[in-house]
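Engineer: My questions are about this predicted structure, shown below with the sequence.
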Amino acid sequence: MQSQVTDRPVASPVRDRAPTRRTPWWRSRALKGIGYASPTALFVLVLFIVPLLLVGRMSASDWPLLRGDQGLNLPDNYTAVADNALFWPAVRFTLLYTVIVTVILLGLALLLALMVQEQRPGVGFFRTVFFLPSALGLASASLLFWGLYSPSIGPIGPILEWLGLADGPISFLGTSTSALWSTVFLIVWKFAGFYMLILLVGLQGIPHDVYEAARMDGASRWQTFRSITLPLLRPSIALTLILCVTGSLLAFDQFFILTKGGPDNSTVTVVQLIYREAFQRLDLGTAAAISMIVLVVLLILNIAQFLGLRRADEA
Amino acid sequence: MRTATRARRHPGRGSTRTIAAIAAVGLVTACGSGGSGETSGETGAGGPDGVDDGTTLTMWTRAATQAQSEALVAAYNESHENQIELTVIPTDDYQAKVGAAAGSGELPDLFASDVVFVPNYTSSGLFTDLTDRIESLPYADALAPAHIDAGTFEGSKYVVPHTLDLSVLFYNKDLYAKAGLDPEQPPTTLAEWDQHARAIDALGDDVHGTFFGGNCGGCGVFTWWPSIWAAGEDVMNDDGTEANLASDVAQQVYDVYRGWAADDVTAPGARDETGTTWTGYFPEGNIGVMPMPSTTFGLMPDDLDFGVAPIPGPDGGESTFVGGDAIGISAASEHVDQAWNFLAWSLGDEAQIDVVAANGDVVARTDLASNKHSDADPRLVTVNELLASGRTPYSLNFGQTFNDPNGPWLTLMRDAVYGDETKLEENNEAVSSSLSS
């Protein structure tokens, strides 16, 4: 591929034919561009476009996991989604979870970033500590918390009891509310440091002179934060917002490991529903149909957020 | 399936008979690959024992029954020319892994399966027909009947029992004595079980009457259904398409469990128990009497003085859920005769007595219920003898209905024991509609 790219422009057929066309160099440049872009294009084609088309085809077919493609059945898989008793509760729960996580996570990340923004003695230690949980895989972190929360083997309950803070075993995952907040706690612990890092980079990109000018104008700390820090941080905030919202809407590992959607189906997310259709109900067709719906919703949401981001950039 | 998830054991579920459905016969034929082309179940080369010619065979099993499979494979590899490469797959990923491999034609020569999922595989044509080979075994009639039934589809037999896991009542004799109960008299009715559990729970401190997986559908089918069967009631119709889980008997069973939950007769955590740690409580010595998988028998601490008994019905009777793994040869295998050599050996006297029984596990043959190992411990005979009368329920939609943590059976269980009892009929209908979908 590499040699093709460099050879083509000087290859004689191109040059010979060149005088008959108006812009011989245009062709060679185009070829060069295609050459440079094709590895990535191939990558996207094989790992994204082809699977996407396959999922699209699957969503239009009767496709049991164990027996393979049984032919088109459009629109059965899509109508089955509407009939799925868990679908709307899962959508509602996923949205609720996304809002809670996004608000807490971004608020806390911003707070942490502001705390460790200045170079001061010991600040490196805190930056490391805050960021450390991000180095752990989500599945491992979920398993860790599952163990910590477990009423039979977890230490947190007994410790709280020993301290006199709890009366009897605590059921961290036993009610819909406690299961939700126990999971939110895990996610905030796991990701706050990561978002802090993104915001920290944004904060350090704000020129010092702006702050100095504000100080000379007698702006208070709050005024500085509201009128300088926040507006200039908008691109970073928009980026973390996109990552956080998308990630939360696609939540799976943490609930799959911690709650399995329970208790009483109160923490089933949309992606868990996809997993359930495919690997519990062994029906790849309906799983693919839900995937397509999620894809479209995410696409719309991301376009909206990117537009917001661009506007922020222009501002 | 959820089978329940992670590490430990998951109770089994499901099983067989016949059912209309799919062009399975056609599929079986289509899938039989070149090789030996054993699609019609003839005895094949090497006679009833198959062929031992130094072939390398591949085999899959799930983590829940890993120890039992490993012991059999190690003993086989040591004494045979053929060598088996065993791959252990996480229990929860097993169905997905088999499904993906079936789609791409990459199934191993031999694969075991939680017996309740076997009907999914036989009806999808994933196994080689072994009817004639199985029937030519001298002890064919003694093979765990529940497993053979589970692996019979449209009159043909596809699997043999591999590891047996039965639900039995375990009781702590020390706690029985402390509570003034007779340690040699385990409960023979659900009502007695209730009395015993409450008497032991009254000992207080860290001692609890009983325990069960209150958020684990697989645990429920494995430990609750035997009480229903013991009274002669069914949980489903024969085709596994309609639920019968709102019967008077079923209701009586749920009521006992509801009472335990309401009065705190269980160890804490029963309500949240998803099946991952439910077998970890009894060995610690603080639980009076609870149903457990027979495969935990060999794992009990030496200093724990416990007895075993069949699971009783509300007014007597006894039954058990015959779970565990059945094993077959994949339809795509090119080494059917060699793979059969392993299966035939694994069911023979030597493997069953010197490997399976020696490890304290349930033997796969009813004619070996009493053997030199079990004779040394009468408790093992009790368990082995249950094999003949135990049941393995059958349904093509078993996993998604009963094991799925978001399935309709878990909702029924939790409503019946912790929630709104009046929803029983409605929940039973939801189970039926999942079974017949």
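Structural biologist: Cool, got the structure. Quantities reported herein were computed from a predicted structural model and do not represent experimental measurements. Residues are numbered from 1 along each chain as shown, chains lettered A, B, ... in the order given.

Engineer: mind showing which ranges of the chain have poor pLDDT?
Structural biologist: No chain in the question, so chain A it is. Confidence mapping of chain A against pLDDT under 70 gives the ranges A:1-26, A:312-315.

Engineer: wrong one, I was asking about chain B
Structural biologist: When residues are selected by pLDDT under 70, those of chain B lie in B:1-46.

Engineer: Any residues of it in contact with chain A? List them.
Structural biologist: The interface of chain B toward chain A, taken as CB under 8 Å from any CB of the partner chain, is made up of B:1-2, B:5, B:22, B:27, B:95-96, B:98-100, B:102-103, B:120-121, B:124-126, B:215, B:268-269, B:271-274, B:277, B:280-281, B:399-400, B:403-407, B:410-411, B:414, B:419. Placement of C-beta: from N, CA and C, glycine included.

Engineer: any idea which helix or strand carries residue 196?
Structural biologist: The chain I'm using is chain A. Following DSSP states H and E, the helix or strand that holds residue A:196 is helix A:176-204.

Engineer: oops, I was thinking of chain B
Structural biologist: Applying DSSP H and E, one finds residue B:196 within helix B:190-201.

Engineer: So for that helix, what gets flagged as buried?
Structural biologist: Within helix B:190-201, the residues that count as buried by 16 or more other CB atoms under 10 Å in any protein chain shown are B:190-194, B:196-201.

Engineer: coming back round to it: ok, of the residues of chain B next to chain A, which come out buried?
Structural biologist: For the residues of chain B next to chain A, burial is judged from neighbour counts taken by 16+ other CB under 10 Å, and it is met by B:1-2, B:5, B:27, B:95-96, B:98-99, B:102-103, B:120-121, B:124-126, B:215, B:268-269, B:271-274, B:277, B:281, B:399-400, B:403-407, B:410-411, B:414.

Engineer: Can you tell me the SS state at the residue nearest the centre of chain B?
Structural biologist: The central residue of chain B, meaning the one whose C-alpha is nearest the mean C-alpha position (CA atoms, centre = their mean), is residue B:323 at 1.0 Å. Counting by DSSP: H, G, I helix; E, B strand; the rest coil, the backbone at residue B:323 sits in strand.

Engineer: Hmm, it is touching residue B:219, no?
Structural biologist: No - if you go by CB atoms under 8 Å, residue B:323 and residue B:219 don't touch, sitting 11.1 Å apart.

Engineer: Please name the residues that touch residue B:363.
Structural biologist: The neighbours of residue B:363, taking CB atoms under 8 Å, 6 or more residues apart in numbering or on different chains as the test, are B:164, B:352-353, B:356-357, B:369, B:371, B:374, B:384, B:387.

Engineer: what are the bridge partners for residue B:157, then?
Structural biologist: Note on residue B:157: beta-bridge partners residue B:152, judged by DSSP bridges.

Engineer: isn't it right next to residue B:128, touching?
Structural biologist: No - counting by CB under 8 Å, residue B:157 sits too far from residue B:128 to count as a contact (10.6 Å).

Engineer: Between the two, which has more neighbouring residues?
Structural biologist: Between residue B:157 and residue B:128, counted using other CB atoms under 10 Å in any protein chain shown, residue B:128 has the larger neighbour count: 30 against 23.

Engineer: In this model residue B:333 seems to touch the more buried one, though I could be wrong.
Structural biologist: Yes - here residue B:128 lies in contact with residue B:333, judged by CB under 8 Å, at a distance of 6.4 Å.

Engineer: after the top strand by length along chain B comes which helix or strand?
Structural biologist: With secondary structure taken from DSSP state E, chain B has its longest strand at strand B:160-172. Sequence-wise, the next helix or strand downstream of strand B:160-172 (DSSP H and E) is helix B:173-178.

Engineer: can you pull the buried residues of that next one?
Structural biologist: Residues of helix B:173-178 classed as buried by neighbour count (16+ other CB under 10 Å): B:173, B:175-176.

Engineer: what's that helix in contact with?
Structural biologist: For helix B:173-178, the surrounding residues in contact (CB under 8 Å, 6+ apart) are B:182-183, B:196, B:200, B:203, B:207, B:285, B:287-288, B:305-307.
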